[in-house]
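1. Just a sequence and a predicted model for now, questions to come.
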Amino acid sequence: MNLTYSLPESILAILEKNRKTNNTLNAFIRKGGYMPPNIDLLVDAITALSMGKNILLKGPTGAGKTKFAETLSNLFNQPMFSVNCSVDLDSESLLGFKTLSYEDEKQVIEFIPGPVINAMKHGTFLYIDEINMAKPETLPLINGVLDYRRTITNPFTNEMVTAKDGFGVIAAINEGYVGTVPLNEALKNRFVVIEVPYIKGEQLKQLIQTNTELKDDKTIDLFVKLSADFIQAVYQGKLSEDAASIRALLDACDLSVVIPPKRAIQRAIIDKLNEEREREFIYNLTETLF
C-alpha cells in the first residue's frame, strides 16, 4: 500500500530527479507502505541513496526494515532485487550459476545471473536482508560492489561487471540473534547506518488501520497499548525483541477480526516464543487489557 509522506521540497526534488521511468522491470518495483516513526528516517535514506551511498537499516525484528526498503524502491520508482542471507549463502546465491541449455539444438553452458549481477547490470536497487547471517568469508566477494568501484569480476564468466547508474545497495541487520555474526569493520564502513526503531502510538494505530482488517477503534487502541507494554518490557530486559515484533502484532490484529483477541494474540505472538517466562508474561499483559 502506498502512503503520502510530508517530505521537504528539497527531498521531493531529489526523488523527482532520480526517479526511474520506462522501467522494463516494473514487477520488481515494490509497493511500499512503511510508516516511519520519524520522517527524518526517510529523508536520510533518500539523501544517502541519491548520493550513491549504501545504507544499512539496523533495528529489532519486526520493526519494518524490509518494508522500509520496499518503500524506498517505490519512492524512487526503482526495481529492487533481493538477497536473503543465511549460513548457506554462497557465491552462486549472490552472483548466479551455470546451467546446461540448448541453442539451435546444441547443448551449451548458460550463465543465469543472480541478484547482485542483475541489480548491477540493470542499474537497480539491491536489498540484502539479514546481512550478518552470512558467513564472514562470503560477503567479501562483493566488497568491490559496495565501494566506489562498483565493479566485480564474475568468477563464473571472468566478465568484469560495472554497475549502471541507479544501482544502490540497501542492507538490513538484526544484532544479537542466534546465528548472526558481527560485521567486520571493512564491510560496515561501506554503509551509512540508519537506526530503525519500533513504531508506536498514533503511527502504530494508523498502521493497524491501513494494513489490517481490524477497524474497531477501541480494539485497535488496546493493541496499541499492548504493543507499548511489550516495547517497555523489551527495554527492561523482561522480553526478547521477537515478542515485540510489529509484524506479529499485525497478524494478531487480523486474526482478532474473526476470533477473540486473546486467542489471536496466543496464536500470533505467544505460541511463537520458546521461554515459558516470556509466554506467561505476555499472557498476563493480555489478560489485563482484553
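-> That came in fine, so what should we check first?
2. List phi and psi for residue 39.
-> phi -60, psi -20 (degrees, to the nearest 10).
3. Now do it, the pLDDT please.
-> Looking at residue 39, its pLDDT reads 92.
4. Contacts only, for it.
-> 5-7 (Cβ atoms under 8 Å, 6 or more residues apart in numbering). No exception for glycine: its C-beta is placed from N, CA and C like everyone else's.
5. Now distance to residue 246, secondary structure and neighbour count too, for the residues you listed, in CSV please.
-> CSV is the format used below for the contacts of residue 39 (distance: Cβ to Cβ, whole Å; DSSP: H, G, I helix; E, B strand; the rest coil; neighbours: other Cβ atoms under 10 Å):
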residue, distance to residue 246, secondary structure, neighbour count
5, 19, coil, 18
6, 21, coil, 6
7, 23, coil, 16
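6. Sort out which one of those lies nearest residue 133 for me.
-> residue 5 (30.3 Å; Cβ to Cβ).
7. tally of neighbours for the spatially closest residue to residue 102 that is not a sequence neighbour?
-> Distances taken as Cβ to Cβ, 6 or more residues apart in numbering put residue 108 closest to residue 102, at 7.0 Å, once the chain neighbours are dropped. Other residues within reach of residue 108, judged by other Cβ atoms under 10 Å, total 10.
8. Can you tell me the SS state at residue 108?
-> strand (DSSP: H, G, I helix; E, B strand; the rest coil).
9. my read: it touches residue 98, true?
-> No - applying Cβ atoms under 8 Å as the test, residue 108 and residue 98 come out as separate, 10.3 Å apart.
10. how about the residue positioned nearest the centre of the chain, secondary structure?
-> Centroid-nearest residue in the chain, with Cα atoms, centre = their mean: residue 66, separated by 1.8 Å. State at residue 66, reduced to three classes by three-state DSSP: helix.
11. Pull the contacting residues for it.
-> 127, 129, 172.
12. Next up, identify which helix or strand the last one is on.
-> I take that to be residue 172. strand 168-173 (DSSP states H and E).
13. after that strand, next one along is what?
-> Using DSSP H and E, the helix or strand that directly follows strand 168-173 along the chain is helix 185-188.
14. Which neighbouring elements make contact with that next one?
-> helix 143-146 (3 or more Cβ pairs under 8 Å, 6 or more residues apart in numbering; DSSP states H and E).
15. What helices and strands are in contact with the one helix or strand residue 264 maps to?
-> For residue 264, the host element (DSSP H and E) is helix 261-268. Counting contacts by 3+ Cβ pairs under 8 Å, 6+ apart, helix 261-268 packs against helix 217-235, helix 246-255, helix 276-289.
16. hang on, the earlier thing: run through the bridge partners of the residue nearest to residue 102.
-> Using DSSP bridges, the bridge partners assigned to residue 108 are residue 101.
17. which residues touch it?
-> By Cβ under 8 Å, 6+ apart, the contact list for residue 108 reads 100-102.
18. For residue 206, report the pLDDT, please.
-> For residue 206, the predicted pLDDT is 89.
19. between the helix or strand in which it is found and helix 246-255, how many degrees?
-> In this structure, residue 206 is located in helix 201-211 according to DSSP H and E. If you take axes from the mean of the first three to the mean of the last three Cα atoms, to 10 degrees, helix 201-211 sits at 60 degrees to helix 246-255.
20. Which of the three states applies to the residue lying closest to residue 30 once chain neighbours are set aside?
-> Excluding its sequence neighbours, the residue lying closest to residue 30 (Cβ to Cβ, 6+ apart) is residue 70, at 3.5 Å. Here residue 70 is recorded as helix under three-state DSSP.
21. can you tell me how far residue 70 sits from residue 63?
-> 14 Å (Cβ to Cβ, to the nearest Å).
22. For residue 191, give its distance to residue 34.
-> Distance, residue 191 to residue 34, by Cβ to Cβ: 19 Å.
23. Same drill for the two, tell me which one is more crowded.
-> The neighbour count for residue 191 versus residue 34, taken as other Cβ under 10 Å, is higher for residue 34 (25 against 21).
24. what's the spacing between the more buried one and residue 186?
-> Distance from residue 34 to residue 186, by Cβ to Cβ: 29 Å.
25. want to throw the contacts of residue 108 into a markdown table with pLDDT?
-> Listed next are those as a markdown table, based on pLDDT from 0 to 100:
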| residue | pLDDT |
| --- | --- |
| 100 | 83 |
| 101 | 80 |
| 102 | 77 |
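26. Out of these, grab the one that's most surrounded.
-> residue 101 (11 neighbours).
27. need the contact list for that one.
-> 107-110.
28. same check, this time on residue 169
-> Contacts here follow Cβ under 8 Å, 6+ apart; on that basis residue 169 touches 54-55, 125-126, 128, 145-146, 191.
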